[in-house]
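A.B. asks: Predicted model follows, preceded by the sequence.
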Amino acid sequence: MPAAGEPHGINTIVDNICGLPPDLLAETCQHILSYLQGQTSGVDTDETFQRLQRAGVRLDHAALEEIIRFLMVTFRSSGKSNLSADDLVKKLEEGSAKWSKASLEVLHKLWGEHGTLVHAQQEAHAMLSIGQLVDMEWKLGMSVSSDSCRSLNSPYVTLRLKIVEPSGQICQRSFEMTIPQFQNFHKQFKEIAAVMETL
């Protein structure tokens, strides 16, 4: 849930959310929930802004961006925590006393319908998150003892990979390969690079 570190800021966003007609709030939330369920590639703020303007809602673009950001963070963190619709409303009420009953009813209804799907998508996203390779070092050596080399004094390559994990933590992984394994590894990297150049 968004931290209520600056209550005035949160209260302003909540006031703006509660100023939206329930049908337009629901429509905006639907776009956000569709994105969080992996059904769309993003939330088009400009399109939403135009729709609100046509409906006569006087809200500046920056305020709409804050609303979308707030709802996105709220729904995403609620999905990660697997909150029920009742728990979501309770957390929102704890964060600000400015919520209108009509707005909370919209959020409760939509989260009740989509919350489990957002949670499933967040779980899948967490499982599919992979680290990013930031550095790779290699060195050639001669084996004194190894499980993969049949005879001693065989050349081998040690690879050390530095990876930034999805959590942001940097870790290192090292492994050894025989010369034929390293040559195959090199060949596969060249093939990957060739394919990536065509994208």
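C.D. replies: Nice, thanks for sending it over. Residues are numbered from 1 along each chain as shown.

A.B. asks: now the strands: where do they sit in the protein?
C.D. replies: For the chain, the strands defined by DSSP state E cover 132-142, 155-164, 170-178.

A.B. asks: between those strands, which one is nearest to residue 185?
C.D. replies: Minimum separation from residue 185 across the strands of the chain (C-beta to C-beta) falls at strand 170-178, 6.4 Å. Just so you know, the C-beta spots here come from the backbone N, C-alpha and C atoms, and that holds for glycine as well.

A.B. asks: Residues contacting that closest one, please?
C.D. replies: In this structure, residues lying in contact with strand 170-178 by C-beta atoms under 8 Å, 6 or more residues apart in numbering are 131, 134, 146, 148-149, 154-165, 185.

A.B. asks: ok, it: who's next to it in the sheet?
C.D. replies: Strand pairing for strand 170-178, using DSSP bridges, gives strand 155-164 (antiparallel).

A.B. asks: How far away from the center of its chain is the strand it pairs with?
C.D. replies: 29 Å (C-alpha atoms, centre = their mean, to the nearest Å).

A.B. asks: tell me the angle of it relative to strand 132-142?
C.D. replies: 160 degrees (axes from the mean of the first three to the mean of the last three C-alpha atoms, to 10 degrees).

A.B. asks: Next one: the closest residue to residue 61 other than its chain neighbours from residue 108, what distance?
C.D. replies: The shortest distance from residue 61 to any non-neighbouring residue, by C-beta to C-beta, 6 or more residues apart in numbering, is to residue 49 (5.6 Å). Counting by C-beta to C-beta, to the nearest Å, the gap from residue 49 to residue 108 is 25 Å.
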